[in-house]
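**Q** what follows is a predicted protein model with its sequence.
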Amino acid sequence: MAKLCLCLTAKTIQKDLEILDKYRKFADVAELRVDCLTPDERLHIRRFPELAGLPVILTIRRKIDGGYFTSGEGSRIKLLARGLAFAEADRRMNFAYVDIEEDLEVPSLEEAARTFGTKIIRSYHNIDGIIDNIPAKMNSMKHTGDEIVKVALKTNTTKDVVKVFRSAKECTIQDKILICMGHYGSYTRILSERFGSIMTYSSALSETVVSGATGQLDVRELDELYHFRKITKKTKIYGVTGCPLKASIGPLIYNTVFDLENTDAVHVPFPSDSISDILELAEELQVQALGVTIPYKEAVLSSLTKSSAEVHSIGACNIMYRSADGWFGDNTDCIGFSATVLNFLGKKNLRWKKITIVGAGGVARAVAAEVFRLGGSALILNRTIHKAKDIASMYNFRWGGLDTRGVTLINKYSDIIIQATSVGMEGHEVFDPLELYNFTGKEIVMDLIYLPAQTRFLKRAEEAGCKTISGYNMVIRQLCYQYKQIMGKEISHQLLSRIINMTGASPWNKILEG
């Protein structure tokens, strides 16, 4: 089973030890990044394994390999020698591993390491992209049978990740560490076991001053959210894909339920720049179900073998299930929205309601379909006007742009205003898709974004006296519906209440706060 390594990148040994003590229970191994220490602190690295109290990797990463060491190879070799010097008979007092790059040839260092049981990690880093023939590269790096081969590559696309995964299957070396650095490879750190790696590297993100490597996940998140140590080759994989997909509440809900019910499964976020490439990887990994979010809800339709009536009528899919015939597509935006809005209003339908829908993407299509089904009339507004017109024409709704003329039309469709774009989502909090409209305080306002919990759009509506609701309730309902379809059973109200109590009213925000 793959080990979980905590990368320590503080400027002082004392700070590294404080971080290690705080997160010790989550890690199997620690990596002392000597290149991150101040010059004076580097002189005291020899005692670190004894003070750490768990296996430690000695690493001095060069700048060309994504590290911070710039003093030259001579100085670096001397520091490595200092770390390995005066080895104790009790191996717990020595560094358990030493990271030596494939192009660093210092036989005396290697001999000293082997004499006292320090394993050599022979490493190669490419911070720019992937390389050709990865298996051949790994085979050429290994000098002796007891070495661990580590290859860390920057994956700039999902296609790069697919190539690395296939290379991992081809490689005959057992003791290897294969890492996909960067945003698009972040999930490979969760699925190390599936990528044939014996170890994954992580950080204490709330503590770390500098990054250990791009794409590293938080050590506590890997343990508590993804239950990293429980993932085996038999673990079933579920997930969600989108771009940029920087945050999703799905992994929190699913993985909490999996853990409480002792289900051997994991739910993973798969950020992707290509829906076709991520589906190719999903086939390789045998992903059982895949949630689909912005911007792929419409693009994924051509990849479905079968789909539900909702997908056919709306023209958008937000969840895919593996079947014997291929991918089956469904859309839970519809039922998630209608159940949420009717519960909030305390009504059974939307008759006589004049509603504005902002947006023309997959979720806006679902909202428009439900407003029509429930008897409401609507105005569709979108920055790209012809997309608003396309949706509106399906239901004989009005349409317009997000300009002065379009916003003026809201006055006749202001019973309920529904924001169904990604504008205002985390990372873009300063933006408001309806900034030209002045709320009167009489509108009921719904923003389908759930992170942040209150967008600028929603805050402005609340300050004007409007009744408001975020997308949090809707996404929870959707996940419950999807779970029932995927697992064949419901999340009980008792279990859902327990999850909310465990994680707080806004669970994903709580996770982000550490």
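**A** Received the coordinates, thanks.
**Q** count of neighbours near residue 241?
**A** For residue 241, the neighbour count with other Cβ atoms under 10 Å is 27. Backbone N, C-alpha and C define where each C-beta goes, glycine included.
**Q** is it true that it touches residue 280?
**A** No. Applying Cβ atoms under 8 Å, one finds residue 241 not in contact with residue 280, separated by 11.9 Å.
**Q** what about residue 358, how many neighbours?
**A** By other Cβ under 10 Å, the burial measure for residue 358, its neighbour count, is 27.
**Q** let me fix that: residue 304
**A** What residue 304 shows, counting by other Cβ under 10 Å, is a neighbour count of 16.
**Q** for it, which non-adjacent residue is spatially closest?
**A** Across the structure, with Cβ to Cβ, 6 or more residues apart in numbering as the measure, the residue nearest residue 304 apart from its sequence neighbours is residue 329 (4.0 Å).
**Q** what's across from that neighbour in the sheet?
**A** residue 307, residue 320 (DSSP bridges).
**Q** from here on, count from 196
**A** Yes, from this point I'll number from 196; that puts the last item at residue 524.
**Q** for it, give me its contacts.
**A** Counting by Cβ atoms under 8 Å, 6 or more residues apart in numbering, residue 524 touches 495-496, 499, 501-503, 506, 512, 514-515.
**Q** switch the cut-off to 6 Å
**A** Residue 524 makes contact with 499, 502, 506, 512, 515 under the criterion Cβ atoms under 6 Å, 6 or more residues apart in numbering.
**Q** the helix or strand residue 563 falls within: which residues count as buried?
**A** In this assignment (DSSP states H and E), residue 563 forms part of helix 557-568. Using 16 or more other Cβ atoms under 10 Å as the burial criterion, the residues of helix 557-568 that qualify are 557-567.
**Q** again with stretch 263-273
**A** 264, 271-272.
**Q** same check, this time on stretch 494-511
**A** Residues of stretch 494-511 classed as buried under the neighbour-count rule (16+ other Cβ under 10 Å) are 495-496, 498-499, 502-503, 505-506, 509-511.
**Q** so where is the protein shaky, pLDDT-wise?
**A** In the predicted model of the chain, residues 403, 621-623, 694-709 satisfy pLDDT under 70.
**Q** and stretch 383-396, how far out from the chain middle?
**A** Averaging C-alpha positions (Cα atoms, centre = their mean, to the nearest Å) puts stretch 383-396 15 Å from its chain's average.
**Q** what about it, how long is it end to end?
**A** The stretch stretch 383-396 measures 11 Å between its terminal residues, going by Cα to Cα, to the nearest Å.
**Q** ok, now stretch 321-336?
**A** Between the opening and closing residues of stretch 321-336 we find a distance of 14 Å, counting by Cα to Cα.
**Q** off-centre distance for that stretch?
**A** On the basis of Cα atoms, centre = their mean, stretch 321-336 sits 25 Å off its chain's mean C-alpha point.
**Q** which residues does that stretch contact?
**A** Counting by Cβ under 6 Å, 6+ apart, the neighbours of stretch 321-336 from elsewhere in the structure are 261, 297, 317, 344, 346, 348-349, 351, 355, 362, 365-366, 368.
**Q** for the helix holding residue 563, packing partners?
**A** With contacts taken as 3 or more Cβ pairs under 6 Å, 6 or more residues apart in numbering; DSSP states H and E, helix 557-568 sits against helix 504-509, helix 528-540, strand 549-553, helix 580-590.
**Q** are any of the contacts of stretch 321-336 buried, and if so which?
**A** The neighbour-count criterion (16+ other Cβ under 10 Å) marks 261, 297, 317, 344, 346, 348-349, 351, 355, 362, 366, 368 among the contacts of stretch 321-336 as buried.
**Q** can you tell me how far residue 679 is from residue 564?
**A** For residue 679, the distance to residue 564 under the criterion Cβ to Cβ, to the nearest Å works out to 21 Å.
**Q** circling back to that earlier point, can you lay out the helices and strands packed on helix 557-568 as a markdown table showing distance to residue 232?
**A** Shown next, in a markdown table, are those (distance: least, Cβ to Cβ, whole Å):
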| stretch | distance to residue 232 |
| --- | --- |
| helix 504-509 | 55 |
| helix 528-540 | 50 |
| strand 549-553 | 51 |
| helix 580-590 | 54 |
